[in-house]
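Asks: Generate coordinates for the sequence data below:
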Amino acid sequence: MLDKNALSQLQSLKQEIHNSIPRYEGKVRSTAGRFGFAVTDDNQQFYLAPEEMDKVLPGDRIEFRVEQVDEKKSQALIEKLVCSEITRFCGRYLVKGKGHFIEADHPALNRWIFVAPKQRAGAQDGDLVAATLSQHPYPHGKAQASITQVIGQPGDAGVENRFMCAKWELPTEFTEAQLQAARAEVEKGISEQLEQRLDLSELPLVTIDSASTRDLDDALTATANDNGWLLQVAIADPAAVVTPGSELDQLAQQRATSAYFPNMMLPMLPAELSEQLCSLQPGQRRLALVADIQVMADGASELLQLRQASVISKAKLSYSQVAEFMADSQQGDIPAELQASLQALADCYRALASYRQATALIMDERPDYRLAMNEHGKVTEILRLDRNDAQKLVEECMLVCNRQTANWMATRETGIFVQHKGIRSERIGDASALLKDTLQLEQKPKFKTLEAYVDLLKQAAAYEGSLKLKDILNRQLDRSVLVTEATPHMALGFSSYTTMTSPLRKYNDLLVHRMIAASLQQQDKLTVSDELLGSIQERQGRARVAANQAEYWLKLQWLQTLPAGAQFDAVIHYANQSSITVRLDDFGIDGQIDRRKAKEWSFDSKTFTHSKGEEAFVIGQAVRVSIENIDPAKRELKFKLCQ
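Replies: Modelled structure (predicted):
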């Protein structure tokens, strides 16, 4: 029997051994297999064996120790769960014998989650469901879920939209309190505010939008003058109706944006406001923020003034009507009293577009796609719709209005701006080397200033060699962010930029209207926090991804109905070491070609090119493909090359 001294020495030795074993805190990263990694904040990563991965979920923050397995291999052993970020998910309900599970629709959660009998909520095999995590696998050893919603069967009409709204936590209905708040504003009306506004109701303003659009937030008119044109842009002013901190304001902040799904729209504000009281409906006197912009004959522009006013739209014109008129002034069914203004708008647009082409950067033209749907909510046809001149006219007017408003706010040290830093920081080295080699420059170019960036991108666009330089650079762009300082929008080539032309549809635009109103009325400057801007961006991003995923799901279902072995014309859109992304431009559908088995081929990360001798696959190249594998519910599409 050990005496007290020996016991003390043994405990001390154990403590020394314990202290000598390296310990860390980090995040769990899963892989396509059963194993994973624990990644520390300084980006060290340690192997997690399958039996350790079974104890945790992707994204979990853990405390772990590292032990040596042999001379060359060490592994992480979990000692404590700090926190878990997966608390809810959506997926497909599976019944396997007596076991009930959820196959999660989650990019990292690649295991089935068990559902106990009392947590099944009547779900049947194959149902699409939403669930919460009722039991974490650590320390219990098995993850369990509780069904919170049975969304429907895969064949149900509209189930794709409903599933994505549940997955991305998008509210699909307004609460009774929110609807009552909207009705109260309609009942109160805007007569008193209209009387306090500058009356610009005589302006021959028109809205130009899709024929079915009811949330009309911009109207246009132009007049030719000695220097070019006076362009006047009237923007609906819901900020005058939605009081800061009110039920409606909290609603708009929570939704952050209107979301446009196939066959479904989730408005930011109830229809009583977005389609009626605040919408620039024809013949109705409405509150608006009006920008007077002098556009010179060469397309240069200057903001003369911003005014809070009341306006009356003289007509609701469709894109097709205006496009026909622009092609031939005898066409388009435009009222005679509006034709002079519309002709001036068309001339003004052409000057603005020409000026922007010469001085800024033009984003690639991308077609729109309309999904023709049957009574069961499934796609029967995908129609490619190339943008017409009327759509380009409206876009050009919105761009110049937003750009000039950004400059106006910058001089007053207020506002919300859209910042774009250009090429992603981690890609600048490769992009710089690519331009130096391809354009035969004396030294690697710098992207630090707006002027240098615009010049380099213009040189890339003009390059006529085998590589599509502009397309390659565009695949390396950073994401735009909302900020409170006027900084360049490199992708557009603007010294500063904002968005204020969609306040019925975007919360940050509504906030910009409030800031402009405070400045015009010489009130204290309004400020917004970085946290609020981050929340707006995150919510807008969720809505955009949800709509895109629902649309892609429906497109893949349609693609699955085409004859087996069908071949398609495609264009290489992107590439990495293991795959090539191609786009079916006739249908707007992207898919991947697996290149992991192409051992004789090499990949150049600088040009995104796969090559073997004289053969090469480069961005922008036309190829012929057929479907290798397709899974609409998982939104997975694999192509194979036909040649």
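
Asks: which residues touch residue 201?
Replies: The contact partners of residue 201, by Cβ atoms under 8 Å, 6 or more residues apart in numbering, come to 285, 310, 311, 312. Glycine gets a C-beta too; all of them are placed from N, C-alpha and C.

Asks: which residue sits closest to it in space, ignoring its chain neighbours?
Replies: Across the structure, with Cβ to Cβ, 6 or more residues apart in numbering as the measure, the residue nearest residue 201 apart from its sequence neighbours is residue 312 (4.3 Å).

Asks: Residues in contact with the helix or strand encompassing the one you found: which ones?
Replies: Following DSSP states H and E, the helix or strand that holds residue 312 is strand 301-312. For strand 301-312, the external contacting residues (Cβ under 8 Å, 6+ apart) are 194, 197-201, 203, 205, 219, 230-231, 234, 237, 240, 280, 283-296, 352, 355, 400, 403-405, 407-408, 516-517, 520.

Asks: Can you flag which of those residues belong to strands?
Replies: Secondary structure defined by DSSP state E assigns 198-199, 219, 230-231, 234, 285-296 of the contacts of strand 301-312 to strands.

Asks: Now stretch 335-353: average pLDDT?
Replies: Mean pLDDT, stretch 335-353: 96.

Asks: Can you mark which positions in that stretch are buried?
Replies: Of the residues in stretch 335-353, 338, 341-353 count as buried by neighbour count, 16 or more other Cβ atoms under 10 Å.

Asks: Out of those, which is nearest to residue 419?
Replies: The closest of the buried residues of stretch 335-353 to residue 419 turns out to be residue 352 (Cβ to Cβ; 22.9 Å).

Asks: sorry, back to before: does the residue nearest to residue 201 have any beta-bridge partners, and if so which?
Replies: Beta-bridge partners recorded for residue 312 (DSSP bridges): residue 285.

Asks: Could you check the pLDDT of it?
Replies: Listed pLDDT for residue 312 reads 98.

Asks: where does the residue nearest to residue 57 when sequence neighbours are not counted land in three-state SS?
Replies: Nearest residue to residue 57, sequence neighbours excluded (Cβ to Cβ, 6+ apart): residue 86, at 5.0 Å. In terms of secondary structure, residue 86 is coil; the call rests on DSSP: H, G, I helix; E, B strand; the rest coil.

Asks: Tell me the pLDDT of residue 86.
Replies: The predicted local distance difference test score for residue 86 is 93.

Asks: what number of residues lie near it?
Replies: Summarising burial for residue 86: neighbours were counted as other Cβ atoms under 10 Å, giving 18.

Asks: swap in residue 197?
Replies: The local packing count at residue 197 equals 21, with neighbours defined by other Cβ under 10 Å.

Asks: who touches it in this structure?
Replies: 287, 308, 309, 310.

Asks: any idea which of those residues has the most stuff around it?
Replies: residue 287 (23 neighbours).

Asks: hmm, back to that, export the buried residues of stretch 335-353 to TSV and tack on secondary structure and distance to residue 636?
Replies: Listed next are the buried residues of stretch 335-353 as TSV, based on DSSP: H, G, I helix; E, B strand; the rest coil; distance: Cβ to Cβ, whole Å:
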residue	secondary structure	distance to residue 636
338	helix	50
341	helix	50
342	helix	47
343	helix	50
344	helix	51
345	helix	45
346	helix	45
347	helix	49
348	helix	47
349	helix	42
350	helix	44
351	helix	47
352	helix	42
353	helix	39
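
Asks: could those residues go into TSV alongside distance to residue 257?
Replies: Output for the buried residues of stretch 335-353, formatted as TSV (distance: Cβ to Cβ, whole Å):
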residue	distance to residue 257
338	32
341	31
342	30
343	34
344	33
345	28
346	31
347	33
348	29
349	27
350	31
351	32
352	27
353	27
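
Asks: give the contact list for residue 460.
Replies: Taking Cβ under 8 Å, 6+ apart as the test, what residue 460 contacts is 435, 439, 469, 470, 472, 473.

Asks: mind checking how far the closest residue to residue 128 other than its chain neighbours is from residue 550?
Replies: The shortest distance from residue 128 to any residue that is not its chain neighbour, by Cβ to Cβ, 6+ apart, is 4.4 Å, and that residue is residue 151. Distance of residue 151 to residue 550, given as Cβ to Cβ, to the nearest Å: 12 Å.
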